[in-house]
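[1] okay, structure incoming, though there's no sequence with it:
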Ligand code: UDP
Ligand code: MG
């Protein structure tokens, strides 16, 4: 071990990742979490949660006027979700790549949606679309004290 190695904090971001009710029901929780772990991101928040309607509406408020909005709220509140906060260099855009296109039929093989889903309305996972939304969504889904800031031993082996 080289104790003088320290990982730079440059470009470190936070993103909100959520395994939707279909991902939980289909037993994909471990599979999905492991993809972010193996990439090298750091888990800073994790809980199983039954989402109330009001929270789902607030989370997706930008889509309020869309015809699919009522069905989307029904879907997200139809069973427990897994709420996660992940941290790392470029994690917001990178997580979106790991997740794949919104419509799973257009998502590349190797992505979560490309490998594990077939329809937009059952696309198993959410990921924030910008660093600002990452912060907004983590604050929306997690209470004070539910997040953990910790130093991963692998830090300097991932980031120079
Ligand atoms: N969605 C849907 N029908 C659509 C578009 C979106 O049911 O035509 C749902 C889908 O679950 C999607 C979510 O609404 O993941 C949010 O839409 P967005 O465009 O933000 O896609 P994402 O960021 O999740 O890829
Ligand atoms: Mg989105």
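    Arrived safely. Remember, predicted model here, so these are calculated numbers, not experimental data. Residues are numbered from 1 along each chain as shown. Ligands and ions are numbered 1, 2, ... in the order given.

[2] for ligand 1, give me its nearest residue in this structure.
    residue 102 (3.4 Å; C-beta to the nearest ligand atom). C-beta coordinates here come from the backbone N, C-alpha and C atoms, glycine included.

[3] that residue: how many residues sit nearby?
    11 (other C-beta atoms under 10 Å).

[4] got the residues of this structure near ligand 1?
    Selection of the chain residues close to ligand 1 by C-beta under 6 Å from any ligand atom yields 63, 68, 72, 102, 120-121, 123, 126, 129.

[5] out of these, which are buried?
    Buried subset of the residues of the chain next to ligand 1 (neighbour count, 16 or more other C-beta atoms under 10 Å): 72, 123, 126.

[6] for the protein, which residue is closest to the average position?
    Of all residues in the chain, the one closest to the mean position by C-alpha atoms, centre = their mean is residue 17, 1.2 Å from it.

[7] quick check: that residue is in a strand.
    Yes: Residue 17: assigned to a strand according to DSSP: H, G, I helix; E, B strand; the rest coil.

[8] thinking again about what came up before, export the buried ones among the residues of the chain next to ligand 1 to JSON lines and tack on distance to residue 54 and pLDDT?
    Below are these laid out as JSON lines (distance: C-beta to C-beta, whole Å; pLDDT from 0 to 100):
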{"residue": "72", "distance to residue 54": "14", "pLDDT": "98"}
{"residue": "123", "distance to residue 54": "23", "pLDDT": "98"}
{"residue": "126", "distance to residue 54": "17", "pLDDT": "99"}
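
[9] sitting in strands, which of the residues you listed do you find?
    residue 126 (DSSP state E).

[10] return the distance of residue 60 relative to residue 140.
    Computed as C-beta to C-beta, to the nearest Å, the residue 60 to residue 140 distance reads 11 Å.

[11] same question, residue 54
    Residue 54 sits 11 Å away from residue 140, going by C-beta to C-beta.

[12] which of those two has more residues huddled nearby?
    Each of residue 54 and residue 140 has its neighbours counted (other C-beta under 10 Å); residue 140 has more, 13 against 10.

[13] need the contact list for the more buried one.
    The neighbours of residue 140, taking C-beta atoms under 8 Å, 6 or more residues apart in numbering as the test, are 16, 55, 58-59.

[14] hmm, back to that, looks like the residue of the chain closest to ligand 1 contacts residue 123 (just checking).
    Yes: counting by C-beta atoms under 8 Å, residue 102 does reach residue 123; the two are 6.5 Å apart.
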